[in-house]
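> Coordinates for the following, if possible.
(one chain, ligands or ions: 2)
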Amino acid sequence: MHKTILSVRNLSASYGPIRALRGVSLEVREGETVAVVGANGAGKTSLMRAISGILPLSGGSASFDGIEIGKARAHQLARAGMLHVPEGRGTLQSMRVKENLQLAWEIRPTDVTLEQALEQVYARFPRLRERSEQLAGNLSGGEQQMLAVARAIINRPRLLLLDEPSMGLSPLFTNEVFKALAEIRDAGVSILIVEQNVSKALQLAHRAMVLTHGEITLEGPARELAADARVMASYMGQEA
Ligand SMILES: Nc1ncnc2c1ncn2[C@@H]1O[C@H](COP(=O)(O)OP(=O)(O)OP(=O)(O)O)[C@@H](O)[C@H]1O
Ligand SMILES: [Mg+2]
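Residues are numbered from 1 along each chain as shown. Ligands and ions are numbered 1, 2, ... in the order given. Got it, this is the predicted structure:
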């Protein structure tokens, strides 16, 4: 198997007295897709924010490709190829669709020109080509999610952190977004995804884990977890 690109060891994080993460350990290897599923409030977004260096750690450690998270600046991690698509999408509302894509492209130098990169993205999401001059803030929710995923593709990340990319999307847009994510996975990009759509997340992932009250309570190959009734039970907030 390939080398570990993301390593999270015994990680804890709190908001004042609220302990959102309690000793979480996980690894993502190069080319691997790992899904974290859990009920509302389980700590999924906190995990993503801690890994991307936004939420300070109160215990444990995490590293991306040998760079210690917590000591590195967020932009350093981004330049090294870790890209976070936050909950609620993180598009720049007052900028045009095309400008959003250009900024994402500029973060990481590649051998592809902007025109070529835009062409690849527009071929995958024709709706974004039609809307390229429109302000991102005026896109529909589903279109904004497409733009968030398009920003990830154009950035050519090595590790993609995705926080509920299906949130608020119709089944049709959800399928579009997950089709694009499967292509990113198949191109060899490592992905860590947290999702409310358990079946989509488990279809996409190689391995998966369940987060319950800030702790990993179950983990295994995604295919096995998809057949495990305890996954649904803990997702619904019941004790498995
Ligand atoms: N900024 C904050 N201040 C205080 N408490 C917070 C803050 N953000 C999250 N929390 C609390 O931390 C816990 C974990 O929240 P988090 O957002 O990580 O959950 P989640 O699994 O992403 O939930 P959801 O599925 O609803 O997005 C919750 O109890 C939440 O109320
Ligand atoms: Mg969340």
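> okay, CA-based contacts and neighbour counts for the rest of this
Noted.
> could you dump the helix or strand of the chain with the lowest mean pLDDT to CSV, C-alpha only?
Lowest on mean pLDDT, DSSP states H and E among the helices and strands of the chain sits helix 229-235, with a mean of 74. Written as CSV, here are the backbone C-alpha positions of helix 229-235 (Å, rounded to 0.1, in the frame of the first residue of the first chain):
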residue,chain,number,x,y,z
ALA,A,229,-26.6,-2.2,10.8
ARG,A,230,-24.6,-0.5,13.6
VAL,A,231,-23.5,2.2,11.1
MET,A,232,-27.1,3.4,10.6
ALA,A,233,-27.9,3.0,14.3
SER,A,234,-25.0,5.2,15.4
TYR,A,235,-25.7,7.7,12.6
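> Establish whether that helix and ligand 1 are in contact.
No. Using Cα under 6 Å from any ligand atom, helix 229-235 never reaches ligand 1; the gap is at least 9.7 Å.
> now that helix, how far from the chain's geometric center?
22 Å (Cα atoms, centre = their mean, to the nearest Å).
> go on, stretch 73-87?
Offset of stretch 73-87 from its chain centre (Cα atoms, centre = their mean): 11 Å.
> ok, residues contacting it?
Residues from elsewhere that reach stretch 73-87 (Cα atoms under 8 Å, 6 or more residues apart in numbering): 45, 48, 52-54, 64, 67, 69, 107-108, 148-149, 152, 156-165.
> Look up how far ligand 1 lies from residue 145.
Applying Cα to the nearest ligand atom, to the nearest Å, one obtains 16 Å for the distance of residue 145 from ligand 1.
> Which strands or helices does the helix or strand harbouring that residue pack on?
Residue 145 is part of helix 141-154, with elements assigned from DSSP states H and E. In terms of contacts (3 or more Cα pairs under 8 Å, 6 or more residues apart in numbering; DSSP states H and E), helix 141-154 is packed against strand 82-85, helix 97-107, helix 114-124, helix 126-130, helix 171-186.
> Summarise which helices and strands the last one is packed against.
In this case it means helix 171-186. Judged by 3+ Cα pairs under 8 Å, 6+ apart, helix 171-186 is in contact with helix 141-154, helix 198-204.
> number of nearby residues for residue 140?
For residue 140, the count of nearby residues is 11 (other Cα atoms under 10 Å).
> Same question for residue 147.
Around residue 147 there are 27 residues (other Cα under 10 Å).
> what does this structure have sitting close to ligand 1?
Close to ligand 1, as judged by Cα under 6 Å from any ligand atom, the chain has residues 15, 20, 39-46.
> how about CSV for the residues you listed, with pLDDT and secondary structure added?
Shown next, in CSV, are the residues of the chain next to ligand 1 (pLDDT from 0 to 100; DSSP: H, G, I helix; E, B strand; the rest coil):
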residue, pLDDT, secondary structure
15, 96, strand
20, 97, strand
39, 88, coil
40, 89, coil
41, 92, coil
42, 93, coil
43, 95, coil
44, 95, helix
45, 95, helix
46, 97, helix
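> Between these, which sits nearest residue 133?
Closest approach to residue 133 among those (Cα to Cα): residue 45, at 31.0 Å.
> Any of the contacts of stretch 73-87 buried? List them.
45, 48, 52-53, 64, 69, 107, 148-149, 152, 156-165 (16 or more other Cα atoms under 10 Å).
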